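>>> Let me see the structure of the following:
(2 chains)
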Amino acid sequence: GAGVSQSPSNKVTEKGKDVELRCDPISGHTALYWYRQSLGQGLEFLIYFQGNSAPDKSGLPSDRFSAERTGGSVSTLTIQRTQQEDSAVYLCASSPGGGRRDTQYFGPGTRLTVL
Amino acid sequence: GENVEQHPSTLSVQEGDSAVIKCTYSDSASNYFPWYKQELGKGPQLIIDIRSNVGEKKDQRIAVTLNKTAKHFSLHITETQPEDSAVYFCAASRAGNNRLAFGKGNQVVVIP
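The predicted model follows:
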């Protein structure tokens, strides 16, 4: 079946502009996660959704970052007033509920470049 | 929070040989340990995972072992092939806190 999809695949923006990144999870998956991967680094947790609520948003690096999820499906990560240090690959993952709720499947990511 | 470390950072092996990557974790409450393979320009792909109630799991040429006492787990790839070349990430999480804590990754290069 279809995996996690993300759009756009690449985004180049100017410093100070706002950007929106989209994630479509695997159909039926109740949990959704956002991570950030900087060049040559591991993945850094940003936020976790269970349904439409975000019980853990402790990884968001600043108040310029926000995310929402609607209809228990699509999620949008918004970065306001982008800075050069925001340049990274933003990865979304989803996981099923029940006994496999900790198993996360990743999308291809959005590569964000802030000039 | 959880701290996961991977060793070595880069590993080169001859095709057909075995590759072993080791990870250590700090949180004794962690109970889920997945391994991901990431190819250039792609998202991480789950290749195998293990939970703390077992010590070893195998799937064809890939196996993972877990030592809870020492808080380390390892990925074993046998009969390596050129398509195994990628960056491999280990991760850990605990029940009730589903965020994954990742290591920094290992670059595995299989030399034909």
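>>> for A:Ser53, what are its contacts?
Contact analysis of A:Ser53 by C-beta atoms under 8 Å, 6 or more residues apart in numbering or on different chains lists nothing. Where C-beta positions appear, they are placed from N, C-alpha and C, glycine not excepted.
>>> Find the residue closest to the most centrally placed residue in chain A in space, skipping its chain neighbours.
With the centre of chain A defined as its mean C-alpha position, the nearest residue by C-alpha atoms, centre = their mean is A:Trp34, 3.2 Å away. The spatially closest residue to A:Trp34, leaving aside those adjacent along the chain, is A:Leu46, at 4.2 Å (C-beta to C-beta, 6 or more residues apart in numbering or on different chains).
>>> And for A:Gly51?
For A:Gly51, the nearest residue in space outside its immediate sequence neighbours is A:Gly72; the separation is 5.1 Å by C-beta to C-beta, 6+ apart.
>>> Chain B: strands as residue ranges?
B:4-7, B:10-14, B:19-25, B:30-38, B:45-51, B:56-59, B:62-67, B:72-77, B:86-94, B:97-102, B:106-111 (DSSP state E).
>>> Mean neighbour count and distance to A:Ser62 for those - can I get that in JSON lines?
Supplementary listing: the strands of chain B in JSON lines, determined by neighbours: other C-beta atoms under 10 Å in any protein chain shown; distance: least, C-beta to C-beta, whole Å:
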{"stretch": "strand B:4-7", "mean neighbour count": "18", "distance to A:Ser62": "24"}
{"stretch": "strand B:10-14", "mean neighbour count": "13", "distance to A:Ser62": "33"}
{"stretch": "strand B:19-25", "mean neighbour count": "20", "distance to A:Ser62": "28"}
{"stretch": "strand B:30-38", "mean neighbour count": "22", "distance to A:Ser62": "26"}
{"stretch": "strand B:45-51", "mean neighbour count": "17", "distance to A:Ser62": "30"}
{"stretch": "strand B:56-59", "mean neighbour count": "12", "distance to A:Ser62": "39"}
{"stretch": "strand B:62-67", "mean neighbour count": "18", "distance to A:Ser62": "36"}
{"stretch": "strand B:72-77", "mean neighbour count": "21", "distance to A:Ser62": "33"}
{"stretch": "strand B:86-94", "mean neighbour count": "23", "distance to A:Ser62": "24"}
{"stretch": "strand B:97-102", "mean neighbour count": "22", "distance to A:Ser62": "18"}
{"stretch": "strand B:106-111", "mean neighbour count": "17", "distance to A:Ser62": "30"}
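>>> if we can go back for a sec, what pLDDT is listed against the residue nearest to the centre of chain A?
Reading off the confidence values, A:Trp34 has pLDDT 97.
>>> and the gap between it and chain B?
Separation of A:Trp34 from chain B (C-beta to the nearest C-beta, to the nearest Å) stands at 10 Å.
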